[in-house]
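Chemist: for reference, the sequence and a predicted model appear below.
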Amino acid sequence: MITGSDSVFVACGPVSGALERFLTDWSRRWPRLRVSAGDGEEFSAWEPGAVTLPGTSGQVLVARDEDMVAGWDDSGYVLDPHREGPFSLAYEPAGWTSLNVLALDDPYTRTGFGYEPYEIGLVGTGLQLITLVAPEDGAFRQAVTHGLLAALGGPAQTGSRAL
């Protein structure tokens, strides 16, 4: 069952090390954290260095514990009674070296000026796409997003859509 909502981020790659830091930080919240890193891989306990994430592209399924793993196929990306749910991270190299984006906030952080959003160019090499799929609930989703962005190096604007 596929449910939930996705957010896509663009970061300078490679990002597997940042994702490992994120999972290590997240394991403080979920001490029995379980991950599946790759196609068809079984879930295993997260231990930094014991589970190796693929370098340039991959998918990581993340669950709090064995109970959440067991219910994932039936329930999808939904919140449990603790108001938490499973989530996944997929990452791969971006297929381009430049991208036009809409600057919703003034990139120069000037005050006292009226601001109208406008298109700007994002240019770089080694760009990676990271897709987070998580339950749609605000507080839990925000916590996952905040932790992920912190591990990637800072805040970013997100584009989300329901699946």
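Modeler: Structure's in. What do you need?
Chemist: the residue nearest to Ile120 when sequence neighbours are not counted bridge partners, please.
Modeler: Leaving aside its chain neighbours, Ile120 sits nearest to Ala103 (5.0 Å; criterion: CB to CB, 6 or more residues apart in numbering). The C-beta positions use only the backbone N, C-alpha and C, and glycine is treated the same way. Bridge pairing for Ala103 (DSSP bridges) gives the partners Tyr118.
Chemist: begin at 440, not 1, for the rest of this chat.
Modeler: Yes, from this point I'll number from 440; that puts the last item at Ala542.
Chemist: quick one: contacts of the host helix or strand of Ile559?
Modeler: Secondary structure from DSSP states H and E places Ile559 in strand 557-562. Contacts to strand 557-562, defined as CB atoms under 8 Å, 6 or more residues apart in numbering, come from residues 449, 536-542, 546.
Chemist: state the mean pLDDT of that strand.
Modeler: Throughout strand 557-562, pLDDT has a mean value of 90.
Chemist: just stretch 538-546 next, same as before
Modeler: So the average pLDDT for stretch 538-546 ends up being 87.
Chemist: mind checking how far Thr584 is from Phe552?
Modeler: 29 Å (CB to CB, to the nearest Å).
Chemist: bridging residues for the residue positioned nearest the centre of the chain?
Modeler: Per CA atoms, centre = their mean, the C-alpha nearest to the average position across the chain is that of Leu571, at 3.5 Å. Beta-bridge pairing for Leu571 (DSSP bridges): Ser446, Leu528.
Chemist: surely it is in contact with Phe448?
Modeler: Yes. Applying CB atoms under 8 Å as the test, Leu571 and Phe448 come out as touching, 7.3 Å apart.
Chemist: okay, and the common contacts of these two?
Modeler: Common neighbours of Leu571 and Phe448 (CB under 8 Å, 6+ apart) are Leu587.
Chemist: wait, what's in contact with the residue nearest to the centre of the chain?
Modeler: Going by CB under 8 Å, 6+ apart, Leu571 touches 445-448, 526-528, 583-584, 587.
Chemist: repeat the analysis, applying 7 Å as the threshold.
Modeler: By CB atoms under 7 Å, 6 or more residues apart in numbering, the contact list for Leu571 reads 445-446, 526, 528, 583-584, 587.
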